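**Student:** I would like the atomic coordinates for the input below:
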Amino acid sequence: MSNKSIRMLGNVLTYVFLTIVSAVILMPFVWMLTTSLKDQTKIFSFPPQWIPSPIVWSNYSQVFTTQPLFITHYANSLYIAIVVTVGTCIFGALAGFAFAKIHFPFKNVCFLILLSGMMIPNEVTIIPNFIWFSKLGLVNNHFPLIIPPMLGAGGIFGVFLLRQFYITIPKDLDEAAEIDGSTPWQTFWRIMVPMATPAFATLSIFTFLHSWEDFLDPLIYISSSKLFTLPIAMKLFTDTAGTDWHLLMAASVMATVPLLLVFFFAQKKFIDGIATTGLK
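**Tutor:** Alright, predicted model coming up:
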């Protein structure tokens, strides 16, 4: 067998393997979508019914009649996720630039101390944080769901990610900009930020995803139903009588749409950021 035939056979086997893995990964999403369109009595039928018959589109409208505040909860999650994502990118961009390109005393020590904050699990600090926010009168609002993620482990990860990306940018660009009379701020805004677009896309996807699906923090800090986020709202479809699976799956499909849109628009930059961040 020639080398060309071996390579072709290897490519075919690779595509077959990737197709099988993709099918396995997509199966839960397909089941979620089909279940959202089924009649409640046919969800657990055997053998499983992959194609709904009949298709019950009213499940989606019933989500809003069963949970009248669902659109409010959806808007709360969207607002929090966008603010946290933008804030994390700004914080990470500024601090990452400082650690990567600006020389100051004990820079490496400060960076190591900053990174140590990522080693503390959120579950360890959630009780003292709750006591602190409670004494400040900041419980039962969205403040604990926005500021701590931006300045906590999520923000530190953003600093690390963007610092690693800035390091990959040649120093010749900094020196050329300095020779042309550019200030550090102008170098950051006109050179570093445009070149770091892949890293921003990567950080945005990770941050948006984490904020969007966060369940523990809203459960701890929020008690007013109007301030609930989407993960808490999803839990409301389960009560002592059981779970409305058709409605829960319909709500899950709607909850997945923003994640798909974020990844769709940032996909190319995301892949570039994963491939290049941290390389010298």
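**Student:** make it CA atoms for all contacts and neighbour counts henceforth
**Tutor:** OK.
**Student:** Quickly note the distance from residue 208 to residue 201.
**Tutor:** Noted for residue 208: a distance of 10 Å to residue 201, by CA to CA, to the nearest Å.
**Student:** got a list of what residue 100 touches?
**Tutor:** Contacts for residue 100 (CA atoms under 8 Å, 6 or more residues apart in numbering) come out as 163, 164, 166, 167.
**Student:** any idea which helix or strand carries the third one?
**Tutor:** If I follow you right, that is residue 166. Applying DSSP states H and E as the criterion places residue 166 in helix 153-167.
**Student:** Next, report how far the helix or strand just after that helix is displaced from the centre of its chain.
**Tutor:** Note on helix 153-167: by DSSP H and E, the next helix or strand toward the C-terminus is helix 171-179. Between the centre of helix 171-179 and the centre of its chain there are 34 Å (CA atoms, centre = their mean, to the nearest Å).
**Student:** How about stretch 134-154?
**Tutor:** Chain-centre distance of stretch 134-154: 18 Å, with CA atoms, centre = their mean.
**Student:** can you check stretch 18-37 too?
**Tutor:** 21 Å.
**Student:** What residues sit buried inside it?
**Tutor:** Neighbour-count burial for stretch 18-37 flags 32, 33, 34, 35, 36, 37 (criterion: 16 or more other CA atoms under 10 Å).
**Student:** Next: stretch 187-198.
**Tutor:** 187, 188, 192, 193, 196, 197, 198.
**Student:** Just the closest of those residues to residue 181, please.
**Tutor:** residue 187 (9.7 Å; CA to CA).
**Student:** pretty sure the closest one is in contact with residue 176, am I right?
**Tutor:** No: the pair residue 187 / residue 176 is not scored as a contact, 9.8 Å apart, by CA atoms under 8 Å.
**Student:** Next one: residue 211 from residue 77, what distance?
**Tutor:** 8 Å.
**Student:** More neighbours: which of these two?
**Tutor:** Between residue 211 and residue 77, counting by other CA atoms under 10 Å, residue 77 is the more crowded of the two (25 against 22).
**Student:** hmm, back to that, most neighbours of all the contacts of residue 100, which one?
**Tutor:** Among these, residue 166 has the most neighbours (other CA under 10 Å), with 27 neighbours.
**Student:** What pLDDT does the model give the nearest residue to it once chain neighbours are set aside?
**Tutor:** In space, and not counting its chain neighbours, residue 166 is closest to residue 100: 6.1 Å by CA to CA, 6 or more residues apart in numbering. You'll see residue 100 listed with a pLDDT of 88.
**Student:** Same check on residue 60?
**Tutor:** pLDDT, residue 60: 90.
**Student:** go on, residue 81?
**Tutor:** At residue 81, the pLDDT recorded in the model is 93.
**Student:** between the helix or strand harbouring it and helix 153-167, how many degrees?
**Tutor:** Following DSSP H and E, the helix or strand that holds residue 81 is helix 70-101. Here helix 70-101 runs at an angle of 40 degrees relative to helix 153-167 (axes from the mean of the first three to the mean of the last three CA atoms, to 10 degrees).
**Student:** Give me the buried positions along helix 70-101.
**Tutor:** Residues of helix 70-101 classed as buried by neighbour count (16+ other CA under 10 Å): 70, 72-101.
**Student:** For the helix or strand just after that helix, name the packing helices and strands.
**Tutor:** Toward the C-terminal end, the helix or strand that comes next after helix 70-101 (DSSP H and E) is helix 107-116. Using 3 or more CA pairs under 8 Å, 6 or more residues apart in numbering; DSSP states H and E, the elements in contact with helix 107-116 are helix 70-101, helix 153-167.
**Student:** Show the subsequent helix or strand relative to helix 107-116.
**Tutor:** helix 122-135.
**Student:** contacting residues around that following helix?
**Tutor:** Here helix 122-135 makes contact (CA under 8 Å, 6+ apart) with 139, 144, 220, 221.
**Student:** what about it, average pLDDT?
**Tutor:** Mean pLDDT, computed over helix 122-135, is 86.
**Student:** Would you mind putting the CA coordinates of it into CSV?
**Tutor:** Only the C-alpha atoms of helix 122-135 are listed here, as CSV (Å, rounded to 0.1, in the frame of the first residue of the first chain):
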residue,chain,number,x,y,z
ASN,A,122,-15.8,30.0,45.4
GLU,A,123,-17.5,27.6,47.8
VAL,A,124,-14.9,28.5,50.5
THR,A,125,-15.4,32.2,50.4
ILE,A,126,-19.2,32.3,49.7
ILE,A,127,-20.2,32.4,53.4
PRO,A,128,-17.8,35.3,54.5
ASN,A,129,-18.7,37.1,51.3
PHE,A,130,-22.4,36.7,52.1
ILE,A,131,-21.9,38.1,55.6
TRP,A,132,-19.9,41.0,54.2
PHE,A,133,-22.4,41.9,51.6
SER,A,134,-25.2,41.5,54.1
LYS,A,135,-23.6,44.0,56.5
